[in-house]
Structures are given as C-alpha cells and as structure tokens.
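K.L.:
predicted coordinates and the sequence they were generated for:
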Amino acid sequence: MMQNKEYEVLLEELKALNTNVKPPVPNPAPLGLFAFGFTTALLQLKHTGIAGDDPDDMGGVTAVVIGFAMFFGGFLQVVAGISEIRRNNLLGYTAFLLFGGLWMSIGTFEIIQMLAHPDSDVASPNPKAVSAMLSLAGLFTVVLWICSFKANKTLNLLFSLLFTTLFLLSGGVFDETVDRVAGWFGFATSAVAYWLAAAELFNAIHGEGEREIIPLGTFKLVRCARVQTHDVDVEAPPELVRASG
C-alpha cells in the first residue's frame, strides 16, 4: 500500500513539472494561414480582372503582389512552418514551407523580369513552364489534401479548393476564361484560409486550447487524434492500476 502511495506522489510531481519540462508552444497556424490567405486574395485581383484589364492595371497589381509574395506570403509562412517543428506537426510543417517557398520563388522570378533590361538576355517565362509549375504545385497539394482527412473538414476544404485553383490557373495560362474562373476559386480559397486562421486563433485564446469555440469539423470514418505536444504521458505500474481499480 505504501508503494502505491509513492507512485501516486510521483505522478502528481510529474504533472506539476509538466509546463516546466515541456512548456506549451503557441500555435503558428493562424500566422501562416493569414499570410497565405492575404497574398492569395491579392493575386486574384489580377486573375479575375477586378483591378482592371489593361496592361498598366495588370502590371500595377503584379508590382503590389511581388512585395507581399516575398515577405508576407512567403517569409511568414516559412516562419510558421519552422515553428510547427516543436509541435511535431508534420502536415503543417510541410504545407507552410512548401507554399512559403512557392510564393518566394514566384516573387523572385517576377522581380528578375521587372529588373531585366529590354535588351538583356533574360528571357520571358515560358507559358508551358509556368503551366507545368502550377500543375506540379497542384499535385503536391492533392497529397496534402489526402493527408488532411486525418485533421479536420475545414483544412480539407481549404486544400481541395487550393488544388482546384492551381490546376485551373495552370489551364488559364492558355485560356483567359479558365484564368478568370481560377481567380474566383482563389478568392474562395483565401476566404476559407481566413476562416480557419480566425477559428484556430479564437479556439487557442478563448478556448484556452482545451475546447473548440468554432468547430472545425471532424470526419466520422477517420479516427482523429489530437496530440498536445506539451502533455506528459506517464504509464502507471500495473499494481497501481489494479489498486486504483
């Protein structure tokens, strides 16, 4: 009986040390999602033609997007992705770094085009290469979409809209109508990203990480296990389990 009490005291001490041994890590998802949603919506001003159809209007939108693509949409997503390492969130880590890198790459080749002298040897982007790039981005988004069935319905919807947008943009390189449709799908993607970011933020702050203020939806056929990386799991000895039972 004395031994059982010692085990109970040990368990209580371990629980008390919980936040000191592995302190809670802030959820970086809202940061990455807001950055992604903002820049995605900004780009769709060009694809939908809302900001104007003439070359000057289109060029003006591109100039605005480039700055945000490099830092707001690109760098902040990279920061969010790296922050997911401490949470052991492989899906978030992969997604944020992939799309952060994608945005920074798009910004880079746009900057090269803007800075290139008309008489220089820098060639304009090949439409087939741009289309292939968007299709390849759509393919890895499909992989993320499949993995998101283990997460929640809102994230799953986000990835489904995103890969649809990317494939439409790929086709829109050669067809203006498809490009316009892709732009509106991009706006829908951005809206879901904003919603998910806000929900994650409200749930973390007002729900204190323990309850969902805004439900994100779970799949009934898939067992969704939410693992809190700051929890300390202690397996009690068999004799203590028998004693407590």
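P.N.:
Great, that's in hand. Residues are numbered from 1 along each chain as shown.

K.L.:
what packs against the longest helix anywhere in the chain?
P.N.:
Longest helix in the chain by number of residues (criterion: DSSP state H): helix 176-205. Helix 176-205 sits against helix 29-47, helix 153-172, with contacts defined as 3 or more C-beta pairs under 8 Å, 6 or more residues apart in numbering; DSSP states H and E. (Glycine included, C-beta is placed from N, CA and C.)

K.L.:
point out the most buried one among those.
P.N.:
The highest mean neighbour count among these, using mean count of other C-beta atoms under 10 Å, belongs to helix 29-47: a mean of 23.

K.L.:
show me what it is packed up against.
P.N.:
Against helix 29-47 (3+ C-beta pairs under 8 Å, 6+ apart) you get helix 55-70, helix 76-83, helix 90-115, helix 176-205.

K.L.:
how does it look with 6 Å?
P.N.:
Packing partners of helix 29-47 (3 or more C-beta pairs under 6 Å, 6 or more residues apart in numbering; DSSP states H and E): helix 55-70, helix 76-83, helix 176-205.

K.L.:
quick one: closest of these to residue 46.
P.N.:
Minimum separation from residue 46 across the helices and strands packed on helix 29-47 (C-beta to C-beta) falls at helix 55-70, 4.3 Å.

K.L.:
who touches that closest one?
P.N.:
39, 42-43, 45-46, 51, 103-104, 106-107, 110 (C-beta atoms under 6 Å, 6 or more residues apart in numbering).

K.L.:
got the angle for it vs helix 29-47?
P.N.:
Counting by axes from the mean of the first three to the mean of the last three C-alpha atoms, to 10 degrees, helix 55-70 lies at 170 degrees to helix 29-47.

K.L.:
list the buried residues of helix 55-70.
P.N.:
When burial is assessed from 16 or more other C-beta atoms under 10 Å, helix 55-70 yields the following buried residues: 58, 61-62, 65-66, 68-70.

K.L.:
what's the most distant pair in these?
P.N.:
Among these, 58 and 70 lie farthest apart (C-beta to C-beta), at 19.2 Å.

K.L.:
would you format the helices and strands packed on helix 29-47 as JSON lines with distance to residue 168 included?
P.N.:
Shown next, in JSON lines, are these (distance: least, C-beta to C-beta, whole Å):
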{"stretch": "helix 55-70", "distance to residue 168": "18"}
{"stretch": "helix 76-83", "distance to residue 168": "22"}
{"stretch": "helix 176-205", "distance to residue 168": "3"}
